[in-house]
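Trainee: let's see this in three dimensions:
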Amino acid sequence: MHQVIDMAGVDLLQANQAGADRNRAQFDRWGMTCLNVMSSPGAGKTVLLEKTLEALRDHLKIAVIEGDMTTQLDAERLRRCGVPVIAINTGRSCHLDAHMVAGGMHQLEREHSPEQFDLVFVENVGNLVCPAEFEVGEHAKVALLSLTEGEDKPLKYPVMFREADCLLVSKLDLAPYLEVDLGQIEANVRQLNPNASIIPLSAKSGEGLELWFEWVQQQVRRVRSQQPQVVL
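Mentor: Take a look at the predicted model:
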């Protein structure tokens, strides 16, 4: 972890990491898995989550912490899927940080019983830089790269793709209309991150969604197996 020092001499990343560790410990006590979903604006995070909530809400108890600089437009879309959604407006900040997500967790605790949830998605602010640097307490990071963004983005924004546990190449239905090499995207990601799961998909056509749904469920099983068992 490199340093980001503010004017008062505080290492912001180190301070944020301490908060993220506390958040993750709380998720573990609740028995929840947290997935941090990140991408540039317009890559398709919200529509992907809509499809995911519709597919998995009968199998998993899911909540969402929704981050946007302004408005609750995305939060309102996700609430129509019938799951609890905590909206966080970041103002001028281009990412969610651990403190903001802790506030969302406190709100979730006030309004619901967190121990009943299996999974919480954190939909981060659309940005390919800052969200990857500031952990929020997630158990895994998910990055989206839309096919329309081209092959070079992993190399131009390496931190996001180096940190991702899963890369979703979205808007696959547009492939016939674009001069984009999916194989080159995957090769560029592999230069940075040989271990990431890479899933090309389309929320519109449904191609690849089942692989994504299975990956999500695998993460819930993996994290649950590592969490301490609470005896009530």
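
Trainee: excluding its backbone neighbours, what's nearest Ser39?
Mentor: Leu144 (3.7 Å; C-beta to C-beta, 6 or more residues apart in numbering). The C-beta positions use only the backbone N, C-alpha and C, and glycine is treated the same way.

Trainee: report the contact partners of the residue nearest to the spatial centre of the chain.
Mentor: By C-alpha atoms, centre = their mean, the chain has its centre lying nearest to Val37, at 1.5 Å. With contact set as C-beta atoms under 8 Å, 6 or more residues apart in numbering, Val37 has these partners: Lys45, Leu48, Leu49, Phe121, Val122, Glu123, Asn124, Val142, Leu144.

Trainee: His95 too?
Mentor: Applying C-beta under 8 Å, 6+ apart to His95 gives the contacts Gly67, Asn124, Val125, Asn127, Cys130, Pro131, Glu133, Phe134.

Trainee: in helices only, show me those.
Mentor: Cys130, Pro131, Glu133 (DSSP state H).

Trainee: my guess is the first one meets Cys94, correct?
Mentor: Looking back up the chat, that one is Cys130. Yes - between Cys130 and Cys94 there is a contact under C-beta atoms under 8 Å: 4.8 Å.

Trainee: quick one, which of the two is more surrounded?
Mentor: Ranked by neighbour count (other C-beta atoms under 10 Å), Cys130 and Cys94 place Cys130 first, with 18 against 14.

Trainee: pLDDT wise, what is that one at?
Mentor: Looking at Cys130, its pLDDT is 91.

Trainee: Leu13 too?
Mentor: For Leu13, pLDDT reads 87.

Trainee: do the same with the one 10 residues further on
Mentor: Per-residue confidence at Asn23 stands at 98 (pLDDT).

Trainee: got the residue ranges for the strands in this structure?
Mentor: Secondary structure of the chain (DSSP state E): strands located at 33-38, 62-68, 85-89, 119-123, 140-146, 166-170, 197-200.
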